[in-house]
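S.K.: Task: produce atomic coordinates for the following.
(one chain, ligands or ions: 2)
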Amino acid sequence: MMSITPKALTIAGSDSGGGAGIQADLKTFQELGAYGMSVITAVTAQNTKGVQNIHAIPVEMVVDQLKSIADDLQPHALKTGMLFSVEIIEAVSSHIREFHWNNVVVDPVMIAKGGSELLRKDAVEALKKYLLPLADILTPNIPEAEQLTGRTIADKRGREDAARFLHDLGAKKIVIKGGHLPHESEPVDLYYDGEQMIEFKGKRIETSQTHGTGCTFAAAITAELARGKSPAEAVQTAKAFIQEAISSPLHLGSGHGPTNHWAYRRNNQ
Ligand SMILES: Nc1ncnc2c1ncn2[C@@H]1O[C@H](COP(=O)(O)OP(=O)(O)OP(=O)(O)O)[C@@H](O)[C@H]1O
Ligand SMILES: Cc1ncc(CO)c(N)n1
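M.R.: Ligands and ions are numbered 1, 2, ... in the order given. Below is the predicted model of the structure:
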């Protein structure tokens, strides 16, 4: 019998430097055995030093890419990353709904490591209103969770309250990533499915080579969902994948270097 090839879709921005965005997502899909597809929402001129320029793709072209995929290649799971504007968020959300796509991972990308705006400030409300209720798994980092909830998160309790708040807004499952709490020696990613809270702990690596960690983590979850894994299993594998990717840096570029997308498969074959 012919086995089914898992198909994973990323709806995100292009990072010319290859460490984040579409490029990180496709590399991660490939490493985890999913066939990767992409809908590009914006092109960034970017490297490890920062974002030099952003060009948003016209919304009609974003919609045409979505339709091309829906017409021929239904994804088993998808993730959203950099969506940039209200118009793109509205178009992406309405088409995900129209096509009845599920296993939707929403990475609410807002600001790049160097401080560049990857989501316009006026688009945060649209993200909350249109996209968040479609999220099977929402993966904010701490500053993104603070923006979405309007609350400051300083500790475990703050993280748990934020997870509950985001669940009330409609996200079915939430992972609040702990990379941005540098005082924690074990970066904890808190998973909440509306009933139980699970802490996924890693070992903090002292490094500047963390460009694209969030994209890679969400892409790994998406690939695992496409392969039929449960959300909690998918998050567990994604945590192992990103831990290994951060642990074996490639030392490329002079700024925040990319993670190593090969490391997980090399170490787990
Ligand atoms: N220094 C580190 N050592 C170990 N794990 C880390 C480190 N930094 C981040 N992580 C892990 O990487 C994953 C991504 O978390 P992070 O908070 O960095 O996402 P992000 O801020 O969205 O990334 P990005 O900068 O790409 O947007 C999480 O699982 C987090 O725990
Ligand atoms: C295109 C793109 N998406 C996401 C991020 C966040 O890491 C980035 N730096 N660039």
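S.K.: rest of the way, CA atoms for contacts and neighbours
M.R.: Noted.
S.K.: Just confirm yes or no for the host helix or strand of residue 219 near ligand 1.
M.R.: Secondary structure from DSSP states H and E places residue 219 in helix 213-226. Yes - remark: helix 213-226 sits within contact range of ligand 1 at 213-215, 217, by CA under 6 Å from any ligand atom.
S.K.: same for ligand 2: which of those are within range?
M.R.: By CA under 6 Å from any ligand atom, the members of the residues of helix 213-226 next to ligand 1 lying near ligand 2 are 214-215.
S.K.: so which of the residues of helix 213-226 next to ligand 1 is the most crowded?
M.R.: If you count neighbours using other CA atoms under 10 Å, the busiest of the residues of helix 213-226 next to ligand 1 is residue 215, which has 28 neighbours.
S.K.: my guess is that residue meets residue 26, correct?
M.R.: No - counting by CA atoms under 8 Å, residue 215 stays clear of residue 26, with 10.2 Å between them.
S.K.: name the helices or strands packed onto the helix holding residue 219?
M.R.: With contacts taken as 3 or more CA pairs under 8 Å, 6 or more residues apart in numbering; DSSP states H and E, helix 213-226 sits against strand 7-15, helix 21-31, strand 77-80, strand 104-106, helix 231-247.
S.K.: what's the spacing between the second one and its chain's center?
M.R.: Relative to the mean C-alpha coordinate of its chain, helix 21-31 is positioned 11 Å out (CA atoms, centre = their mean, to the nearest Å).
S.K.: okay, how far is it across stretch 29-39, tip to tip?
M.R.: Stretch 29-39 has its terminal residues 14 Å apart, counting by CA to CA, to the nearest Å.
S.K.: Which neighbouring elements make contact with the lengthiest strand in the chain?
M.R.: As far as residue count goes, and with DSSP state E defining each element, the longest strand of the chain is strand 35-47. Using 3+ CA pairs under 8 Å, 6+ apart as the contact criterion, the elements in contact with strand 35-47 are strand 7-15, helix 21-31, strand 50-56, helix 59-72.
S.K.: change it to 10 Å
M.R.: Secondary-structure packing of strand 35-47 (3 or more CA pairs under 10 Å, 6 or more residues apart in numbering; DSSP states H and E): strand 7-15, helix 21-31, strand 50-56, helix 59-72, strand 77-80, helix 86-98, helix 213-226.
S.K.: Which of these sits closest to residue 254?
M.R.: Checking these against residue 254 by CA to CA gives strand 50-56 as the closest, at 10.4 Å.
S.K.: Just the buried residues of the closest one, please?
M.R.: Within strand 50-56, the residues that count as buried by 16 or more other CA atoms under 10 Å are 50-51, 54, 56.
S.K.: now swap in stretch 253-269 and tell me
M.R.: Judged by neighbour count using 16+ other CA under 10 Å, the buried positions of stretch 253-269 are 255-264.
S.K.: Let's have the residues you listed in JSON lines, adding pLDDT and secondary structure.
M.R.: Conversion of the buried residues of stretch 253-269 to JSON lines gives the following (pLDDT from 0 to 100; DSSP: H, G, I helix; E, B strand; the rest coil):
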{"residue": "255", "pLDDT": "95", "secondary structure": "coil"}
{"residue": "256", "pLDDT": "95", "secondary structure": "coil"}
{"residue": "257", "pLDDT": "96", "secondary structure": "coil"}
{"residue": "258", "pLDDT": "97", "secondary structure": "strand"}
{"residue": "259", "pLDDT": "97", "secondary structure": "coil"}
{"residue": "260", "pLDDT": "97", "secondary structure": "coil"}
{"residue": "261", "pLDDT": "97", "secondary structure": "coil"}
{"residue": "262", "pLDDT": "97", "secondary structure": "coil"}
{"residue": "263", "pLDDT": "97", "secondary structure": "helix"}
{"residue": "264", "pLDDT": "97", "secondary structure": "helix"}
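S.K.: Out of the residues you listed, which two sit at the greatest distance?
M.R.: Maximum pairwise distance among the buried residues of stretch 253-269 (CA to CA): 23.2 Å, between 255 and 264.
S.K.: picking up where we left off before, redo the residues of helix 213-226 next to ligand 1 as JSON lines? Include pLDDT.
M.R.: Formatted as JSON lines, the residues of helix 213-226 next to ligand 1 follow (pLDDT from 0 to 100):
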{"residue": "213", "pLDDT": "96"}
{"residue": "214", "pLDDT": "97"}
{"residue": "215", "pLDDT": "98"}
{"residue": "217", "pLDDT": "98"}
